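K.L.:
Fold the following, please.
(2 chains)
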Amino acid sequence: MPVTRIKSRWRGGMQEFFDYTTGETVEVNAPYKIYDDFLGLAIDNTNDWTVAAVNAGTATINAAVGGHMRLTTGIADNDDVEVASLLTFEASKHCVCEARIAQNDVTKTSFNFGFADATGYAVDLLACDYAIATLTSTAPDCAVWFQDSDATTPLYRCVAVANNVDGTVTAVPAATASPVIAEFHTYRVEINSSGDCSFFFDGDFVYTESAGITTTDDLCVYLGFINREGAANTLDVDYIRAWQLR
Amino acid sequence: MSLTRIKSRWTGGMLEFRDEVTGETVNAYAPVKLFDDFTGLAIDNTNDWTVAGVNGGTAAVTAAIGGHMRLTTGGADDDDIDVASSLTWEASKFCVCEARIAMNDVAATAFCFGFADATGYAADQIAVTYNGTTLTSNAGDCAMWFMDSEGTSDMFRCAAVNNTTAGTVTAVPLATATPTNAVFHTFRVQINSAGDCAFFFDGEHIYTQLLGITTTDDLCVYVGFMNHEIAANTLDVDYIKAWQLR
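P.N.:
Okay, here's the model as predicted:
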C-alpha cells in the first residue's frame, strides 16, 4: 500500500490538502485556482500559457509518468524561455503558487519560479538573475525562487522585489539541498495582503520578506529558464498550481 | 432536493469522495489527476486528447446537460475510433480511471474503456474485442471494461492483459445490468503497485485480476469504439476521470 500522509490546513482563508512526505499541496479548496499537471498532448500557448523564447527555445510536453513540461533553451549562451499565466493574481487576494521542478544541468543554467509583474522580460534576461553574489532584478516586482549557475556557490535561493527594491536573498542551506542534476524539488511562494512574501522549499518554510512586493500590482505565475553555455539545456516541470481568494 | 450520498474513503493513499447513490467518484484528492467533463466547446485533439478515427470517425462535444463527448464511427463495418490520454500513467503509481458511458446501439457496436499501453491500435481494431466467447487482445497490456455485440450474449465484461497473456474475462451479471441503448453506466479500473487490476461497475466491485498488468509499462486512459454494421453509430461519454500518486 502506498504511503502518503495527506493532511489539511487553513491558510489565508483557504483549505489546503498537502502531503507531509513530499511537501506537495495535493488539493486546495480555494475560490480561484489554476492547476496544470501537463498530462495533455501539448502546451497550449494560445489559450493557457504565454510562452516566449529566443533562438528556437521551446516549451513542450514530455510524456513522463505523471506528465511533465520540458523547457528547452536555444543553443547560444543566455538564450532564455519564459512561461507565464495571465496577470490575474494579486497580493491582496493572498495568492500562492507552487511547482515541482528539476534542473537538468545545474552548472550551466538558471531558472526562476514564482510571481512576477510581467509575463516576460527582455531577451536574455529573466525576472531575476544572480551572478557571483549579486542579484540583478529585471522585474520591478516579483517574488521568486531561483538557482543560477553564475553564482559563486550554487544554491537554491529566494527573493522578493518591491517596486525595484530588492529584499534579502535567502538560500536553502547546502546541508538541506544542494542543486543536483535532474532532481525534483517543490517550490512555493505565498503572498499575503500586506505583501509579505513567504517561501517554502519541499514543504518546509525558508523565509518571509515582510512587505516584499507591491500589493496592488497584477501578478502572473512565472517560470523563467536561461542557458549559461553555448549548448541547449532543459528544465522539467512536473506541475504548476496557483490559487487565491476571489 | 436531489438525493446524493457523498462519502469519502482512502484508496491507495489518496482521498476519494464518491456518491454512493450513483457510484461516481465526485472528486479525488490525488497528486496527479485528469478530469474532463466535456463541458467545453470542442474536443481538443491538439493539446488534450489523442483522437484517431478511420473513415471519417469523430470525437465531438455534444451539448447535453452536464456535457458529453460523442464518438461517431464511420459508415463501414468495423470502423473504429480511439480516444486516449498521454502515456503518463503507471501501475507503480496506483493509477485509477473512471468513466460514465452510454452505448447508443448495443446490438451493433463494441466499446472498451480503461488503461492501455498504446493510444491507438490498427485500423478496425480497438484494445480488446470479444467474438462469440473469445477475447482478442490487440493491446500487449491493458485493463479494460468492454461490451461487444459480437459476443454470444450481450454483457458488460472486464479483463486484464499482462504482456499479451489475457486474464479471466468476468461479466457483470445480467440481473445487475443488461446492456441497453442510451443507458449510462460508470466503469472504473483501479491498478495497484503489484499490478492487481480491480474492476468496478456503477461503484460495485466486480472482479480483481491479480498481477493483471505489467507494472512498468507506461499506460494511457483509453476509450475505443467500433462499429459492427454498415451504418454510423455513436457512443456517449459523460466524463473521464483518472488519478494517481506522483
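
K.L.:
mind checking how far the strand ranked longest in chain B is from the chain centre?
P.N.:
Ordering each strand of chain B by length in residues (DSSP state E) puts strand B:234-244 first. Between the centre of strand B:234-244 and the centre of its chain there are 7 Å (CA atoms, centre = their mean, to the nearest Å).

K.L.:
same for that strand, what does it pack against?
P.N.:
Under the contact definition 3 or more CB pairs under 8 Å, 6 or more residues apart in numbering or on different chains; DSSP states H and E, strand B:234-244 sits against strand B:25-29, strand B:32-36, strand B:68-72, strand B:96-103, strand B:220-227. To be clear about C-beta, it is placed using only N, CA and C from the backbone, and glycine gets the same treatment.

K.L.:
Strand partners (parallel or antiparallel) of it?
P.N.:
When sheet partners are counted by DSSP bridges, strand B:234-244 sits next to strand B:32-36 (antiparallel), strand B:68-72 (antiparallel), strand B:96-103 (antiparallel).

K.L.:
So what angle separates the directions of the next helix or strand after the last one and strand B:220-227?
P.N.:
Yep, that's strand B:96-103 we're talking about. Remark: after strand B:96-103, the chain's next helix or strand is strand B:109-116, criterion DSSP states H and E. Here strand B:109-116 runs at an angle of 170 degrees relative to strand B:220-227 (axes from the mean of the first three to the mean of the last three CA atoms, to 10 degrees).

K.L.:
which residues does residue A:133 contact?
P.N.:
For residue A:133, the contacting residues are A:151-152, by CB atoms under 8 Å, 6 or more residues apart in numbering or on different chains.

K.L.:
hey, which helix or strand in the chain has the poorest pLDDT?
P.N.:
Going with chain A. Of all helical and strand segments in chain A, the minimum by mean pLDDT, DSSP states H and E falls on strand A:6-11, at a mean of 92.

K.L.:
strands paired with that strand, and their directions?
P.N.:
Within its sheet, strand A:6-11 is paired with strand A:14-19 (antiparallel), according to DSSP bridges.

K.L.:
For the strand it pairs with, C-alpha coordinates in PDB please.
P.N.:
What follows is strand A:14-19 as a C-alpha-only set of coordinates in PDB (Å, rounded to 0.1, in the frame of the first residue of the first chain):
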ATOM      1  CA  MET A  14      -8.400  28.700   2.000                       C
ATOM      2  CA  GLN A  15      -8.300  25.000   2.800                       C
ATOM      3  CA  GLU A  16      -5.200  23.100   1.600                       C
ATOM      4  CA  PHE A  17      -4.600  19.400   1.500                       C
ATOM      5  CA  PHE A  18      -0.900  18.600   1.500                       C
ATOM      6  CA  ASP A  19       1.300  15.600   1.600                       C
END
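
K.L.:
strand partners of the helix or strand just after it, parallel vs antiparallel please.
P.N.:
Later in the chain than strand A:14-19, the nearest helix or strand by DSSP H and E is strand A:25-29. Within its sheet, strand A:25-29 is paired with strand A:14-19 (antiparallel), according to DSSP bridges.

K.L.:
now the longest strand of chain B: mean pLDDT?
P.N.:
Average pLDDT, strand B:234-244: 98.

K.L.:
Can you check what angle separates it from strand B:25-29?
P.N.:
Using the same axes, to 10 degrees: strand B:234-244 against strand B:25-29 is 30 degrees.

K.L.:
CA-only coordinates of strand B:234-244 in PDB, if you can.
P.N.:
Extracted C-alpha coordinates of strand B:234-244, given in PDB (Å, rounded to 0.1, in the frame of the first residue of the first chain):
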ATOM      1  CA  THR B 234     -22.400   6.600 -31.600                       C
ATOM      2  CA  LEU B 235     -21.200   6.300 -28.100                       C
ATOM      3  CA  ASP B 236     -21.600   9.000 -25.400                       C
ATOM      4  CA  VAL B 237     -19.100   9.600 -22.700                       C
ATOM      5  CA  ASP B 238     -20.300  11.800 -19.800                       C
ATOM      6  CA  TYR B 239     -16.900  12.200 -18.100                       C
ATOM      7  CA  ILE B 240     -13.500  10.700 -17.900                       C
ATOM      8  CA  LYS B 241     -11.500  10.900 -14.600                       C
ATOM      9  CA  ALA B 242      -8.100   9.500 -13.700                       C
ATOM     10  CA  TRP B 243      -5.800   9.900 -10.800                       C
ATOM     11  CA  GLN B 244      -2.600   8.500  -9.300                       C
END
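
K.L.:
where are the low-confidence patches of chain B?
P.N.:
Applying pLDDT under 70 to chain B flags the ranges B:1-3.

K.L.:
Quick test: name the residue nearest the centre of it.
P.N.:
The C-alpha lying nearest the average C-alpha coordinate of chain B belongs to residue B:113 (CA atoms, centre = their mean; 1.8 Å).

K.L.:
I appreciate the help and will end here.
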